[in-house]
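1. Only the shape, not the letters, is given here:
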C-alpha cells in the first residue's frame, strides 16, 4: 500500500528565505511513501516562527504516521462515515496546536509564536486537505488551475462580505493578517475537505511568499509548462517570487499524481462511503 | 494611524486621525467630524477603519460624496485618495510607519512586525510594504528564437511569455524570461539541450546574443533585439 503510493506520487519541495527576510520561518515536509505533504509558515519574534513551523510539520507527520500504522487513512470511520484520515488530521492538528501553545507558554522567547498550516494526505485516489491560516493548496487539472483552500485571513473575510473587491484586495494593507493559526490559542479550528484525485493532477502547497509575489496566471503558466519536471518547476516558482522582490520566505511543495492509487479493498470502502 | 487632512480652497484646516472604528462626518454637532456648512448633510458620510483598511460610505447625503472626482456610495480608501464633500476636501493618508515606530513595535509586539500576525491575538497591526507583483522585465530587450534546421527552418519564435517551451515529447527544454535575462533549462527527456555544441546540465544557463541551441535534433539561434 505504501509502495503503491510512492509509485503513484512524485513530489518536489523548496523553501527559500527570499531576498528581504533574515531567516526562513517556513517549513515543508513531504513523504511520498505515506502520501503526506505539509507546509507551515511560522510567526513570532526571534526564531519562534521557525520553531513553530518546524514543530508543526514534524509533529504532524510523526503523529499521522503513527495513527495510520494502526488504521489506514482511507478506512471509513464507523461513527463519522468519513475516511479515518479526516478525523485523524483534525485530531493530530489539535495535538500539534496544544504542543506549540504549551511551548510558547513555557518559554518566554517563544511567547506568542504560531504558524499557518496546510496539510494533505493522499490515499485511495483521494486527497484530504486540512488548513489553518493563509497558506494555500492549488490544483492543476488539465489547464484548470484553482485553489482548493480558502484563506483564513481578514482580507478573505472582507472579500466574502463584499466589503472589498478582489481587485481592491491587491492594494489592501491587511493582506498578511490571518484569522486562524496553529499554536496561538488553546483551541484551533481546522478546515478540512476531501477531493477525488486524477492521474495528471498537480497539487501545489505554498506560503503567501509565493502568491503575494507572483500572479496566479504566472504560477499556472509555470505549472503547465514545467509540469514534466517538478524539480525545475519548484526552483522556477521560488525564482519568480525572488525575481519579483522576494519580500517574504517562499515555500512550495508539488505533488504530481502519476497513476491511480486505489487502496486494497478500496471497492468496499467506497461502497460504504456511498451508503453510510 | 491613518488620517484625513481636511482642507478648503487649498488651505489645510485640520488633520484628523482615524482613532475610532467608525468616524461619522456631517453638519450636526454629534458627528465625530463636524463640518458646519449648508452643503453638508446632517449625517453626510462615515469612514469605517478595520485595522489598516478604511472604507468610506456616503449616508444618502443630499449633495453626495466624491472620491478623486467620482461620485461614490461605498469606497475602499487608498493612500492619497481625495474625498470631496461640497467645497471641502479630505485627503486620506494611510498609516505611515516611521523606522522608530517600527522598531518599537518590533520590541513590544509579540509577533514579528513584518511577518504574519494574528488578528486579536497579536494586536499589532502589520502594514506591509504592499508592493505588488509584476515581473520587472521592462528594461529587458525583446528576444526571439530563430529556427535554423528542421521543417520550420527560417521561422522565428518571439520570447514574450515568462516561459517558452521548446522541443517535442521526449525532449523538452524551456526558456525563462527573467529580469536578469533569458535562461535555458532542461525539462524532460534523456537528452539534454546543446548550447553552442555543449550539453547543458540540470542548472539553468543564461543565453547570450547569437547563442546556438540544439534541442531534439533541431538547431536554433537565440537573438536579442536591440
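-> The structure has been received and is ready for your questions. Note that the coordinates shown come from a computational prediction; the quantities given were computed from them, not determined experimentally.
2. okay, now the residue lying closest to residue B:181 once chain neighbours are set aside: neighbour count?
-> Nearest non-adjacent residue to residue B:181, counting by CB to CB, 6 or more residues apart in numbering or on different chains: residue B:206, 5.2 Å away. The way it works is simple: take the backbone N, C-alpha and C, and place the C-beta from them, glycine included. Neighbourhood size, residue B:206 [other CB atoms under 10 Å in any protein chain shown]: 12.
3. Likewise for residue A:35?
-> For residue A:35, the neighbour count with other CB under 10 Å is 30.
4. The nearest residue in space to it that is not next to it in sequence: what secondary structure?
-> Spatial nearest neighbour of residue A:35, excluding adjacent residues (CB to CB, 6+ apart): residue A:122 at 3.5 Å. When classified by DSSP: H, G, I helix; E, B strand; the rest coil, residue A:122 comes out as strand.
5. what kind of secondary structure is residue A:195 in?
-> Here residue A:195 is strand, with the state taken from three-state DSSP.
6. Tell me the bridge partners for the nearest residue to it once chain neighbours are set aside.
-> Leaving aside its sequence neighbours, residue A:195 sits nearest to residue A:127 (CB to CB, 6+ apart; 5.2 Å). The partner list for residue A:127 in beta bridges (DSSP bridges) reads residue A:122, residue A:195.
7. residues in contact with residue A:127?
-> Residues near residue A:127 by CB atoms under 8 Å, 6 or more residues apart in numbering or on different chains: A:120-121, A:194-195, A:197, A:203.
8. quick one: it from residue A:240, how far?
-> Using CB to CB, to the nearest Å, residue A:127 is found at 25 Å from residue A:240.
9. Tell me the helix or strand right after the helix or strand harbouring residue B:187.
-> Using DSSP states H and E, residue B:187 falls within strand B:181-188. Downstream of strand B:181-188, the first helix or strand assigned by DSSP H and E is strand B:194-195.
10. buried residues in stretch B:184-197?
-> B:184-189, B:191-193, B:195 (16 or more other CB atoms under 10 Å in any protein chain shown).
11. Give the bridge partners for the nearest residue to residue A:191 once chain neighbours are set aside, please.
-> Closest residue in space to residue A:191, ignoring its immediate chain neighbours: residue A:131 at 5.6 Å, by CB to CB, 6+ apart. For residue A:131, the beta-bridge partners are residue A:118, residue A:191 (DSSP bridges).
12. Ok, the one 5 residues further on next?
-> On DSSP bridges, the residues paired with residue A:136 through beta bridges are residue A:206.
13. so it makes contact with residue A:152?
-> No - Residue A:136 is beyond contact range of residue A:152, at 10.8 Å (criterion: CB atoms under 8 Å).
14. quick one on the thing from earlier: list the helices and strands the strand holding residue B:187 packs on?
-> Judged by 3 or more CB pairs under 8 Å, 6 or more residues apart in numbering or on different chains; DSSP states H and E, the packing partners of strand B:181-188 are helix A:230-243, strand B:163-168, strand B:171-178, strand B:205-206.
15. before we move on, back to that, and the two most separated of the buried residues of stretch B:184-197?
-> B:188 and B:195 (17.0 Å; CB to CB).
16. about what we covered before: just send the helices and strands packed on strand B:181-188 back as TSV, with mean pLDDT and distance to residue A:78 too.
-> TSV is the format used below for these (pLDDT from 0 to 100; distance: least, CB to CB, whole Å):
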stretch	mean pLDDT	distance to residue A:78
helix A:230-243	95	38
strand B:163-168	87	49
strand B:171-178	90	49
strand B:205-206	92	58
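17. Minimum distance to residue B:15: which of those has it?
-> helix A:230-243 (38.3 Å).
18. Name the residues of that closest one that are buried.
-> A:230, A:232-243.
19. If you average pLDDT per helix and strand, which one of the chain comes out bottom?
-> Just going to use chain A. helix A:266-275 (a mean of 45; mean pLDDT, DSSP states H and E).
20. The intended chain is chain B.
-> strand B:117-118 (a mean of 36).
21. Just after that strand, pick out the following helix or strand.
-> Using DSSP H and E, the helix or strand that follows strand B:117-118 in sequence is strand B:143-147.
22. contact partners of that next one?
-> B:153-159, B:164, B:166, B:175, B:177, B:182, B:207, B:213, B:218-225.
23. List the contacts of residue 41.
-> Going with chain A. Contacts of residue A:41 by CB under 8 Å, 6+ apart are A:25-26, A:53, A:115-116, A:133-135, A:207-209, A:249, A:251, B:116.
24. I was after chain B.
-> Contacts of residue B:41 by CB under 8 Å, 6+ apart are B:26-27, B:59-63.
25. Residue B:196 too?
-> B:211-212.
26. gap between it and residue A:59?
-> From residue B:196 to residue A:59 the distance is 51 Å (CB to CB).
27. And the furthest pair within the contacts of residue B:41?
-> Longest span within the contacts of residue B:41, CB to CB: B:27 and B:60, 14.1 Å.
28. quick one, which of those two is more surrounded?
-> Taking neighbours as other CB under 10 Å, residue B:27 and residue B:60 compare with residue B:27 leading, 19 against 11.
29. any weak-confidence spans in the stretch 1-150 of chain A?
-> For the stretch 1-150 of chain A, the stretches with pLDDT under 70 are A:1-3, A:45-46.
30. Would you mind listing what in it touches chain B?
-> Counting by CB under 8 Å from any CB of the partner chain, the residues of the stretch 1-150 of chain A lying close to chain B are A:20-21, A:25, A:41, A:43-45, A:49, A:111-112, A:114, A:116, A:133-134.
31. Let's see that with 10 Å instead.
-> Listed as neighbours of chain B in the stretch 1-150 of chain A under the rule CB under 10 Å from any CB of the partner chain: A:20-23, A:25, A:41-46, A:48-49, A:104, A:111-116, A:133-135.
32. in its sheet, what does the strand holding residue B:187 sit against?
-> Strand B:181-188 has these strand partners (DSSP bridges): strand B:171-178 (antiparallel), strand B:205-206 (antiparallel).
33. The shortest one: what's the following helix or strand?
-> Put plainly, it is strand B:205-206. Next element after strand B:205-206 (DSSP H and E): strand B:212-215.
34. buried ones in that next one?
-> Of the residues in strand B:212-215, B:213-215 count as buried by neighbour count, 16+ other CB under 10 Å.
35. Stretch A:48-66 too?
-> Counting neighbours by 16+ other CB under 10 Å, stretch A:48-66 gives A:48-57, A:59-61, A:63-64 as buried.
36. same deal with stretch B:139-154?
-> Residues B:140, B:143-145, B:147 are the ones in stretch B:139-154 that count as buried (16+ other CB under 10 Å).
37. Would you check that my belief about residue A:36 contacting residue A:61 is correct?
-> Yes - shown here, residue A:36 and residue A:61 form a contact pair, counting by CB atoms under 10 Å, at 5.8 Å.
38. shared neighbours, these two?
-> Residues touching both residue A:36 and residue A:61 (CB atoms under 10 Å, 6 or more residues apart in numbering or on different chains): A:29-30, A:119.
39. which residues touch the residue nearest the centre of chain A?
-> Centroid-nearest residue in chain A, with CA atoms, centre = their mean: residue A:118, separated by 2.5 Å. Contacts for residue A:118 were tallied using CB under 10 Å, 6+ apart; they are A:37-41, A:129-137, A:148-149, A:191, A:205-207, A:253.
40. contacting residues for residue A:60?
-> Residue A:60 makes contacts with A:29, A:36, A:38, A:40, A:89, A:92-93, A:95-96, A:99, A:117, A:119, A:130, A:182, as judged by CB under 10 Å, 6+ apart.
41. And it, how close does it get to residue A:228?
-> Counting by CB to CB, the gap from residue A:60 to residue A:228 is 30 Å.
42. Which is the succeeding secondary structure element to the helix or strand where residue A:60 lies?
-> Element membership for residue A:60, per DSSP H and E: helix A:48-70. Using DSSP H and E, the helix or strand that follows helix A:48-70 in sequence is helix A:84-106.
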